[in-house]
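Peer 1: Quick one, structure for this:
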Amino acid sequence: MRTVRFVRGVVLTLAAMGICVPQVAFAAEPAPAILDVALADGGVLHGQVINAQGAGAAGMPVYIRTQDRDVAAATTAADGGFAVQGLKGGVYQVSTLQGHGIYRLWSPGTAPPVAQNGAILYTQSSAVDSNVVHYTQNGDGGGLKMLLTNPIVIAGIVATAVAVPVALNQWHHTPVSQ
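Peer 2: Down below sits the predicted model:
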């Protein structure tokens, strides 16, 4: 009987806490869009890094990755432009220190009509553009930070921290009836 009461109390506590937690805390970030880009002859990827003011970001390192390995790197010119050669068709992540985009690169002459002629990366923003999806990596904590700063969640954690030891103490010291 004690075990049933204890389990019921734990289940009710967890259910009450679950109701208090905002659903946004469990929401996943949207998947980044994969954009089509046509490579120039020689497998050259042309691109540009644009800062928050809309100007080209000069001297910015750009990294090209595929399947969790680095394949190339470049540094942007004065206008934010860059070019990387020797790439093959496939899906690549093009990133700077402040953001990234996912691109499906097409070998010369094989790109669909909707493919862009170059990659555009935006920095200092989480803006969604018709040509690029960029997410900043500013470490703001997102949903977990919002969850752990919610007063209702904090109250639920404190209540649980008090109720569980009390319940365990009651359960442990309750005499067994026969």
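
Peer 1: burial count for V49?
Peer 2: 28 (other C-beta atoms under 10 Å). For every residue, glycine as well, the C-beta is placed using N, CA and C.

Peer 1: Make sure Y63 is indeed in a strand.
Peer 2: Yes. Counting by DSSP: H, G, I helix; E, B strand; the rest coil, Y63 is found in a strand.

Peer 1: Quick check: it vs Y92, distance?
Peer 2: From Y63 over to Y92 the distance is 10 Å, taken as C-beta to C-beta, to the nearest Å.

Peer 1: Let me know the helix or strand that T3 is in.
Peer 2: helix 2-20 (DSSP states H and E).

Peer 1: that older thread, Y63 and Y92: which is more packed in?
Peer 2: Comparing Y63 with Y92 by other C-beta under 10 Å, the one with more neighbours is Y92, at 25 against 17.

Peer 1: Could you give the secondary structure assignment for that one?
Peer 2: Per three-state DSSP, Y92 ends up strand.

Peer 1: one step back: and the next helix or strand past the helix holding T3?
Peer 2: Counting by DSSP H and E, what follows helix 2-20 is strand 34-38.

Peer 1: name the helices or strands packed onto that following strand?
Peer 2: Judged by 3 or more C-beta pairs under 8 Å, 6 or more residues apart in numbering; DSSP states H and E, strand 34-38 is in contact with strand 99-106.

Peer 1: Skip ahead from the strand it packs on and say which helix or strand is next.
Peer 2: Strand 99-106 is succeeded, C-terminally, by strand 119-122 (DSSP H and E).

Peer 1: May I have that next one as PDB, with CA atoms only?
Peer 2: What follows is strand 119-122, C-alpha atoms only, in PDB (Å, rounded to 0.1, in the frame of the first residue of the first chain):
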ATOM      1  CA  ALA A 119      26.700  31.500 -51.900                       C
ATOM      2  CA  ILE A 120      25.800  34.500 -49.700                       C
ATOM      3  CA  LEU A 121      26.400  34.400 -46.000                       C
ATOM      4  CA  TYR A 122      25.000  36.900 -43.500                       C
END
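
Peer 1: With that, I have no additional questions.
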